[in-house]
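Asker: no FASTA, just this:
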């Protein structure tokens, strides 16, 4: 299974579409927040499932704060990250992943790409395709999933 991952699109439809196009053939798409409406647009355009959460720049009622989904037998927690204070550390994500029995956490908020295994939990942030933090390149991610593992790849636009 091949899952595209994007976050922090902030209404930049052109760059977001470019990132999704560069993903190639995907079986699903995850949008980790900040402009939930962008995820709704992608859902209307793509022929694959789109899983999305709201971020700190979305209205409180626009979408769920978190989702836990199962992809090819693996539990994946999707959260924007602001509620877990990811700009100050990742331990909150690890605790939440353990709480929901997830082996992978997909998040955004920092605009900094991350592909890190921490305490047997994959912490995966695709960065931002439109507004990366200084010193980082605009990008997105791919999760490659089979029954045995989930592997994250960070890619640039």
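Answerer: Yep, that arrived. Since this is a predicted model, take the numbers as computed values, not measurements.
Asker: ok, which stretches of the chain are helices?
Answerer: For the chain, the helices defined by DSSP state H occupy 13-23, 36-45, 91-100.
Asker: now tell me what touches the last one from outside.
Answerer: Residues outside helix 91-100 that contact it (C-beta atoms under 8 Å, 6 or more residues apart in numbering): 66, 68, 75, 77, 79, 81, 84-86, 102-105, 107, 118-119, 121, 123. Bear in mind the C-beta positions are built from the backbone N, C-alpha and C, glycine included.
Asker: try it again with 6 Å
Answerer: Contact with helix 91-100 is made by 68, 77, 84-85, 105, 118-119, 121, 123, as judged by C-beta atoms under 6 Å, 6 or more residues apart in numbering.
Asker: ok, the first one next?
Answerer: When contacts are defined by C-beta under 6 Å, 6+ apart, helix 13-23 is touched by residues 4, 6, 9, 38, 129-130, 140, 157.
Asker: average pLDDT for that helix?
Answerer: The pLDDT scores in helix 13-23 average 92.
Asker: so what's the residue nearest the centre of the chain up against?
Answerer: Geometric centre of the chain, nearest residue: residue 32, 3.9 Å, by C-alpha atoms, centre = their mean. Contacts for residue 32 (C-beta under 6 Å, 6+ apart) come out as 7, 78, 80, 106-108.
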